[in-house]
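Chemist: Structure for the following, please:
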Amino acid sequence: MSRRRRNPAIKSYKLKDGTEKFEFQLYIGINPNTGKEQRTRRRGFSTFEEADATYNQLLTEIDNGTYAQRKKQDLATFEDVYKSWLDTYIPTVKPSTANKTQEWFRDHIITEFGDKLIDKITPADCQKSMNNWSKNLVRYKTFGNYASRVFHYAVVLGLRDDDPMKRIVVPKSGKKSTRNAKENFWDRQELQRFLHQLEHESLEKQTMFHMLAFTGLRRGELLALKWRDINLKDKTLAVTKTLIQPNNDTRMKSKNDEQTPKTRAGNRVVPIDDTTLKLLKSWQVEQRKLLGQGKRIKLNQLIFTTADNKHLPLPQPGKWLDAIITKINTTSKIPLKRITTHGFRHTFATLLYESDPRITPKDVQKILGHDTVQVTMDIYTHATQEGQKRVTESLSKFMDL
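Modeler: Numbering: from 1, shown residues only. So this is what the prediction gives:
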């Protein structure tokens, strides 16, 4: 408390969530062009001590004349500051998150602010960008939040006095998504139609899509599986890693195509049904012959690979899925709804939850690897036509009482 009394220039304020932050204003001299006083404002400090240290550093620079000189040298663009911020951000997140963040900046944020001087970007500039994002993008708020991180970083570096993204009106709604997650699944009859066609496909594809349909694995988790992850005796598989898009950025934690699951719940053991287990055993024998690995397959061998025995590209299962659905629809009067590979996960969760009243949302959550049961309930337990029919029948019986 004594330190705060020694520096009354430092004030505290609170964010909307109640978090306490610190700020200060400091006189830096007279503007020679206007003759008016100039002040710099710094805010966003997490502790009083952090703000006090920056205040004293700036005061020393002003007294010895180095502050004005440094300000002339700090003619940094938004992209310059972004690159510096990225160096601090990458070590704190998973490679897949870092990849996605760089993609968002490259495609949407740098195009708006990249070549502009960081201290010249105004709230009006930010408002215009946010309005454009909301008209054309579903996740427009995400881009605003990430741009705000760079502006905040610029404030910490002393390159500007505030975050202009904090002074705009965020549009209440953006572009409507063309993807409907609630439709990205099959009911029991649709899944059976797909499995019937699957019998005419290669053993590798049969095994892959049975695993997607009856384990609830994510696409990346499936493509990262090795034979050591399969316990044929216990009829289980262990999820310990996931495939990601390769990135040559030397700042990444991992230079490989794999990473551990993002959350602790992602590491899990999943049961395997008898049909899928039988397919796995058959595929293991065939793969051993194809790769020439002798009588026994290597434990570190990937289950699904390219012809040169490398990871299958992440889009490959989706391409195979589209081709199989096309075959069904060219020979059937009733078209099969198109879903993504992630739709198998939706299908698995919904049908599993419906199949046995003893199965609880907690059971499904554990198999899917969700952090919370609410995610499971909100996203995956869709009301299928079969489920709606049962509700109607139950209501009719209730009315007859």
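
Chemist: all contacts plus neighbour counts: C-alpha atoms, from now on.
Modeler: Will do.

Chemist: Pull up the pairing partners for the longest strand along the chain, direction included.
Modeler: Looking across the chain with DSSP state E, the single longest strand is strand 20-30. Strand pairing for strand 20-30, using DSSP bridges, gives strand 11-14 (antiparallel), strand 37-45 (antiparallel).

Chemist: hey, least reliable of these by pLDDT?
Modeler: Among the strands paired with strand 20-30, strand 37-45 has the lowest mean pLDDT, at a mean of 81.

Chemist: picking up where we left off before, would you mark the buried spots in the longest strand of the chain?
Modeler: Neighbour-count burial for strand 20-30 flags Lys21, Phe22, Glu23, Phe24, Leu26, Ile28 (criterion: 16 or more other CA atoms under 10 Å).

Chemist: Name the residues that touch that strand?
Modeler: Strand 20-30 is touched from outside by 9-15, 36-48, 51, 55, 62, with contacts defined as CA atoms under 8 Å, 6 or more residues apart in numbering.

Chemist: and if you look at stretch 111-131?
Modeler: Residues contacting stretch 111-131 (CA under 8 Å, 6+ apart): 75-79, 81, 140-141, 144, 151, 154, 159-160, 164-165, 167-171.

Chemist: Distance check, Ile168 against Cys126.
Modeler: The gap separating Ile168 from Cys126 is 7 Å, by CA to CA, to the nearest Å.

Chemist: Between the two, which is the more surrounded one?
Modeler: Cys126 (23 against 15; other CA atoms under 10 Å).

Chemist: would the more buried one count as being in a helix?
Modeler: Yes - according to DSSP: H, G, I helix; E, B strand; the rest coil, the state of Cys126 is that of a helix.

Chemist: does Val269 sit in a helix, a strand or a coil?
Modeler: Here Val269 is strand, with the state taken from three-state DSSP.

Chemist: out of the strands paired with strand 20-30, nearest to Asp356?
Modeler: strand 11-14 (49.7 Å; CA to CA).

Chemist: Centre of the chain to that closest one, how far?
Modeler: Computed by CA atoms, centre = their mean, to the nearest Å, the separation of strand 11-14 from the middle of its chain amounts to 33 Å.

Chemist: Provide the contact partners of that strand at residue level.
Modeler: Glu20, Lys21, Phe22, Glu23, Phe24.

Chemist: For the first one, list each beta-bridge partner.
Modeler: Following DSSP bridges, Glu20 is listed with bridge partners Lys14.

Chemist: what does the last one give?
Modeler: Taking DSSP bridges, one obtains Arg42 as the residues bridged to Phe24.

Chemist: Helices of the stretch 251-400 of the chain, residue ranges please.
Modeler: Secondary structure of the stretch 251-400 of the chain by DSSP state H, counting those that start in this stretch: the helices cover 274-291, 316-331, 341-355, 361-368, 373-379, 385-399.

Chemist: tell me the mean pLDDT over the longest strand of the chain?
Modeler: Mean per-residue pLDDT for strand 20-30: 86.

Chemist: Over to stretch 354-364?
Modeler: 73.

Chemist: How about stretch 50-68?
Modeler: Computed over stretch 50-68, the mean pLDDT rounds to 83.

Chemist: what does stretch 155-164 give?
Modeler: Averaging pLDDT along stretch 155-164 gives 89.

Chemist: quick check, distance from it to the centre of its chain.
Modeler: 28 Å.

Chemist: List the contacts of that stretch.
Modeler: Applying CA under 8 Å, 6+ apart, the external contacts of stretch 155-164 come out as 40-44, 71, 74, 76, 118-119, 121-123, 126, 148, 151-152, 154.

Chemist: could you flag which of these are buried?
Modeler: Among the contacts of stretch 155-164, those classed as buried by neighbour count (16+ other CA under 10 Å) are 42-44, 74, 76, 118-119, 121, 123, 126, 148, 151-152, 154.

Chemist: Among the contacts of stretch 111-131, which are located in strands?
Modeler: With strands taken from DSSP E, there is no overlap with the contacts of stretch 111-131.

Chemist: Pull out the buried residues from those.
Modeler: The neighbour count (16+ other CA under 10 Å) marks 76-79, 81, 140-141, 144, 151, 154, 159-160, 164-165 as buried among the contacts of stretch 111-131.

Chemist: Out of those residues, the closest to Thr207 would be?
Modeler: Tyr140 (38.8 Å).

Chemist: low-confidence ranges in the protein?
Modeler: 1-5, 31-35, 67-75, 175-182, 246-256, 262-263, 265-266, 357, 371, 373-401 (pLDDT under 70).

Chemist: May I have the secondary structure class of the most centrally placed residue in it?
Modeler: Centroid check for the chain by CA atoms, centre = their mean gives Thr97 as the closest residue, at 5.8 Å. Following three-state DSSP, Thr97 is assigned to helix.

Chemist: beta partners for Leu302?
Modeler: Applying DSSP bridges, one finds that Leu302 bridges with Lys226.

Chemist: Is it correct that it is in contact with Leu312?
Modeler: No - counting by CA atoms under 8 Å, no contact exists between Leu302 and Leu312, whose distance comes to 9.5 Å.

Chemist: list the residues that contact both of the two?
Modeler: Common neighbours of Leu302 and Leu312, using CA under 8 Å, 6+ apart, are Leu223.

Chemist: domain parsing for the protein?
Modeler: Following automatic domain parsing, one gets these domains for the chain: 2-73, 95-167, 189-339.

Chemist: Would you tell me which one of the ones you listed is buried the most?
Modeler: Greatest average neighbour count among the domains of the chain goes to domain 95-167 (a mean of 18), per mean count of other CA atoms under 10 Å.

Chemist: what's the span of that domain from first residue to last?
Modeler: In domain 95-167, first residue to last residue: 32 Å (CA to CA).

Chemist: from the middle of its chain, how far away would that domain be?
Modeler: 18 Å.

Chemist: repeat for stretch 236-249
Modeler: 14 Å.
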